[in-house]
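Q: Could you work out the structure for the sequence below:
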Amino acid sequence: MGTLVYDSVVPPIEIEDRALAHLKVVVIAKLRRGESFAVSWAHPPGKEGGRSTIWLHPGIPLRFIFEETEQPELNQRWLATMAESANALGGITLTAEEVEG
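A: Residues are numbered from 1 along each chain as shown. Presented below is the predicted three-dimensional model:
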């Protein structure tokens, strides 16, 4: 399980490593262009609340922490879906990985 440390949000946001690796690529691309956007996700079973949304802005500190030492091979289809949703009004909504075939 990876962790997204967003400004001073406590506790940090837990996201599965593979999803976090894909999210990181899209987030960095958007922030490098100076773009702000929202990221939403459903809370895992057993966690408090149902879902959350954060607003990402280039000026807000952000840290990606991975449990695994190796970066996974990235799924280009999933990246494209995330990037497309990042440009939509509602921002990125983390969904299950889209598998080819």
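Q: need the contact list for residue 7.
A: Taking Cβ atoms under 8 Å, 6 or more residues apart in numbering, we find residue 7 in contact with 60, 61, 62. Just so you know, the C-beta spots here come from the backbone N, C-alpha and C atoms, and that holds for glycine as well.
Q: who wins for most neighbours among those?
A: residue 62 (16 neighbours; other Cβ atoms under 10 Å).
Q: tell me the contacts of that one?
A: Contacts of residue 62 (Cβ under 8 Å, 6+ apart): 4, 5, 6, 7, 27, 31, 56.
Q: what's the weakest-modelled helix or strand in this protein?
A: Ranked by mean pLDDT, DSSP states H and E, the helix or strand of the chain with the weakest confidence is strand 2-6, at a mean of 80.
Q: Let me know the average pLDDT across the next helix or strand after that one.
A: Sequence-wise, the next helix or strand downstream of strand 2-6 (DSSP states H and E) is strand 13-15. For strand 13-15, mean pLDDT is 87.
Q: who's in contact with the residue most central in space within the chain?
A: Centroid-nearest residue in the chain: residue 23, 3.7 Å away (criterion: Cα atoms, centre = their mean). Residue 23 sits next to 4, 15, 39, 82, 92, 94 when contact means Cβ under 8 Å, 6+ apart.
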